[in-house]
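>>> below are the sequence and a predicted model for it; my questions follow.
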Amino acid sequence: MPDPLDTAATILRAGGLVGMPTETVYGLAADATNAEAVLGIFIAKGRPTFDPLIVHVADPEGAWAVAESTPRARLLAAACWPGPLTLVLRRRATIPDVVTSGLETVGVRCPDHPVARELIRRAGRPLAAPSANPFGFISPTTAAHVRDQLGDRVGAILDGGPCAIGIESTVLLVDPQPVILRPGGLTRERLEEILGEPVAVANAQARAASIALPAPGLLASHYAPRTPLRLLDEHEPWPTDPRIGRLALCGPVPAGGPTELLSQSGDLAEAARTLFASLRRLDASGATDLVARLVPAIGLGLGINDRLRRAAGLG
Ligand code: TXA
Ligand code: MG
């Protein structure tokens with residue numbers, strides 16, 4: 001039996017696609033230096049080409065080969081990589097336009113998963129990879145999620161077990177001032193501690209502007225189940241109609257329709273880990289509608305709430 005990692009690396013070098021486990025979510029990887037291969041990612045996902053991809057590297061040296069380093073970038077790379085942080089930096093010419101949607105910047109990250117890092121090393125090149133889900137749908141946190149939705153469109157899927165973090169990386173515009181473009185697996189609090197300065201969080205409008213979206217609101221619905229999802233207002237009671245599925249951080253939730261509690265103990269790390277699989281279960285439960293309550297907006301709660309808002313189409 002050939003080593004699945006070798007097979008996957010060969011597929012990548014030949015311009016094919018591979019489902020790749022990372023600590024955040026599973027990625028759909030292609031050779032970032034091969035424009036045609038990268039175009040294949042957009043086609044497989046049904047993703048518009050104006051939404052740029054993240055380039056995955058094995059180490060900071062790999063990152064500085066595709067992006068220009070700055071003092072802040074070096075500090076963050078040393079403190080946070082490998083890990084769930086994507087740095088948006090000025091790009092170098094080694095990366096084709098299709099990866100960055102023609103932007104002058106590129107998002108780079110060094111994933112903290114042994115299979116991902118070994119795959120990058122064996123492929124011998126940086127790997128462009130968005131989350132391995134059809135565009136707009138819930139991100140995959142197991143190999144089975146990837147197989148179910150994109151199995152017929154990839155050359156191979158590597159199974160690295162369930163993702164330890166469960167929501168995507170934090171995307172940070174590094175300079176001239178640090179701004180979180182997408183809250184995720186690395187908290188704002190931790191970034192501020194490392195940098196010793198305030199870190200802003202972009203609103204939906206600023207986020208759209210960062211990738212020069214042709215029309216505002218175009219990416220509002222994302223991470224979304226097929227069943228309509230609505231967020232409950234702060235004091236709004238839980239619906240008890242058995243046809244309505246409910247999602248909450250922890251109980252109590254009165255008897256009613258299918259219910260997913262993200263963490264019995266209210267732990268936000270556990271909640272992040274279980275979020276997407278819980279949404280998938282609710283989506284498959286037969287419920288006609290779904291409701292969710294936001295979690296405390298601290299630490300990983302920022303990323304969880306961002307995914308819930310966008311799953312509800314609220315940008
Ligand atoms: O955890 C993750 O980040 C996962 C795993 C596979 O690494 N990847 C991921 O990729 O979530 P994707 O394509 O689903 O999300 C990438 C996000 C998008 O919102 C995109 O707009 C933003 O990063 N992005 C990428 N390059 C950018 C750039 N140059 N400027 C601004 N935003 C950028
Ligand atoms: Mg995604």
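Here it is on my side, so go on. Ligands and ions are numbered 1, 2, ... in the order given.

>>> in the stretch 151-300 of the chain, which spans are helices?
Counting by DSSP state H, counting those that start in this stretch, the stretch 151-300 of the chain has helices at residues 188-195, 204-210, 268-283.

>>> how about the second one and ligand 1, touching?
Yes - residues of helix 204-210 are located near ligand 1 by C-beta under 6 Å from any ligand atom, namely S210. (C-beta placed from N, C-alpha, C; glycine too.)

>>> model confidence over that helix, on average?
Averaging pLDDT along helix 204-210 yields 81.

>>> quick one: contacts for the most centrally placed residue in the chain?
Against the mean C-alpha coordinate of the chain, by C-alpha atoms, centre = their mean, the closest residue is E168 at 2.9 Å. Residues in contact with E168 (C-beta atoms under 8 Å, 6 or more residues apart in numbering) are 24-25, 84, 131, 139, 182, 184-185, 303.

>>> so which of the residues you listed is the most crowded?
With neighbours taken as other C-beta atoms under 10 Å, the top of the contacts of E168 is T24, carrying 31 neighbours.

>>> might one say that it is in contact with G185?
Yes - under the criterion of C-beta atoms under 8 Å, T24 makes contact with G185 at 5.1 Å.

>>> so what sits against both of the two?
In contact with both T24 and G185: 84, 165-169, using C-beta under 8 Å, 6+ apart.

>>> now for the residues you listed, which pair is the farthest apart?
Across the shared contacts of T24 and G185, the longest distance by C-beta to C-beta is 11.6 Å; it joins G166 and S169.

>>> any shared contact partners between the two?
With C-beta under 8 Å, 6+ apart, G166 and S169 have common neighbours 24, 185.

>>> got the residues of the stretch 51-200 of the chain near ligand 1?
By C-beta under 6 Å from any ligand atom, the part of the stretch 51-200 of the chain that sits against ligand 1 consists of 51-54, 86, 88, 100, 103, 105-107, 109, 111, 129-131, 168-169, 171, 181-182.

>>> okay, now the unreliable bits of this structure?
213-221 (pLDDT under 70).

>>> the residue nearest to the centre of the chain and P2, how far apart?
Here the criterion is C-beta to C-beta, to the nearest Å. By it, E168 lies 31 Å from P2.

>>> quick check, L12 in a helix?
Yes - per DSSP: H, G, I helix; E, B strand; the rest coil, L12 lies within a helix segment.

>>> now G107: which helix or strand?
strand 105-109 (DSSP states H and E).

>>> and that strand, what does it pack onto?
Helices and strands touching strand 105-109, as assessed by 3 or more C-beta pairs under 8 Å, 6 or more residues apart in numbering; DSSP states H and E, comprise strand 54-56, helix 60-66, strand 85-90.

>>> cutoff 10 Å now
strand 54-56, helix 60-66, helix 71-80, strand 85-90, helix 97-100, strand 170-173 (3 or more C-beta pairs under 10 Å, 6 or more residues apart in numbering; DSSP states H and E).

>>> so which of these is nearest E236?
strand 170-173 (29.7 Å).

>>> which other helices and strands does that closest one contact?
Strand 170-173 packs on helix 71-80, strand 85-90, strand 105-109, strand 179-182, helix 188-195, helix 204-210, going by 3+ C-beta pairs under 10 Å, 6+ apart.
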